[in-house]
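**Q** Give me the fold of what follows.
(2 chains)
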Amino acid sequence: MQILSSIRLPAKLENLYKFMNSVSQCAKGQGFTQKRINEIELALEEALVNIFKYAYQDNNGDVEITCFIDNGERFTIDIIDSGIPFNMLSYKEPDLTSDISGREIGGLGVFIMKKLIDNIQYSRENEKNISRFVILKK
Amino acid sequence: MDISKRKEKNIMVISVKGRMDAVTSPEFEKDLTDLITEGEKTFIINFSKLEYISSAGLRSILSAAKQLKEKQGKILFAELHGSVQEVFKIAGFYSIFQAFDTEEAAIKQL
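**A** You can find the predicted model right below:
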């Protein structure tokens, strides 16, 4: 496992761009296309916004993001927080068929995230939530 | 994000440049809500210069659309491209909104 970057900052919206830049730089260094980097950024925003909103309730806490290369080919992003146990992958899928009045936005962010990333895993270890994006180089 | 507005007859044409994400989208939502409160009912949103949209952007669009629906208003989209088009597709927004290749085509529709 080769670590490419690591960033740890308070779980606050004002830090969103710092997290995103850190990961984008890594993805760029790995030769991903701008289109793919855009998709990675988007999936990351959706994951982070969820954590900012729910992980720490009214308390303060950090998010740590580590980018690394696994098995020489898998670009991997670990998004770690120490908030309440919380698996965003378990959200139910949004209803995409109802009209404007019935349409709800809840769950849409996670749905978009799942569509853009090949492989997302969740685990709870040592009181921490770990969401892992595994992105194949194509 | 930059938002520019112009009025063409009774249509508000809103052009959005840059990114509609969790940081910037509240500004878009506020602008539209203010215009709707002032009585504007017909909107064309031109996304030709929008490079990025996340679910936060979709949320603000949906919020404006819901307010407009209550007032029998209308919101159309024009010139979506690239990742914005892709996100609209994933989110199933094409089944609730009309989108046109050009602003002129959207105006003609009204």
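**Q** for stretch A:47-61, which positions count as buried?
**A** By 16 or more other Cβ atoms under 10 Å in any protein chain shown, the buried positions in stretch A:47-61 come out as A:47-52, A:55-56, A:61. Placement of C-beta: from N, CA and C, glycine included.
**Q** Closest one of those residues to residue A:69?
**A** Ranked by distance to residue A:69 (Cβ to Cβ), the buried residues of stretch A:47-61 are led by residue A:47 at 19.8 Å.
**Q** tell me which element the closest one is part of?
**A** Using DSSP states H and E, residue A:47 maps to helix A:34-54.
**Q** quick one: is that helix near chain B?
**A** Yes: residues of helix A:34-54 contacting chain B under Cβ under 8 Å from any Cβ of the partner chain: A:35, A:38-39, A:41-42, A:45-46, A:49.
**Q** Generate a PyMOL selection restricted to the buried subset of those residues.
**A** Remark: buried members of those, expressed as a PyMOL selection using 16+ other Cβ under 10 Å:
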select buried, chain A and resi 38+39+41+42+45+46+49
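**Q** need the helices for chain B, in chain order.
**A** B:25-37, B:55-70, B:82-90, B:103-109 (DSSP state H).
**Q** Over to chain A?
**A** Shown for chain A, the helices assigned by DSSP H span residues A:16-29, A:34-54, A:108-116.
**Q** Specify the stretch among these that is closest to residue A:71.
**A** helix A:16-29 (16.6 Å).
**Q** So which bits of chain A are right by chain B?
**A** A:13, A:16-17, A:35, A:38-39, A:41-42, A:45-46, A:49, A:96-97, A:99-101, A:103, A:105, A:108-109, A:111-112, A:115-116.
**Q** Show me the beta-bridge partners of the residue nearest to residue A:3 when sequence neighbours are not counted.
**A** Take residue A:3 and drop its neighbours on the chain: the residue closest to it by Cβ to Cβ, 6 or more residues apart in numbering or on different chains is residue A:68, 4.7 Å away. Assessed by DSSP bridges, residue A:68 has beta-bridge partners residue A:3, residue A:76.
**Q** Looking at the buried residues of stretch A:47-61, which is nearest chain B?
**A** Proximity of the buried residues of stretch A:47-61 to chain B (Cβ to the nearest Cβ) peaks at residue A:49, which lies at 4.8 Å.
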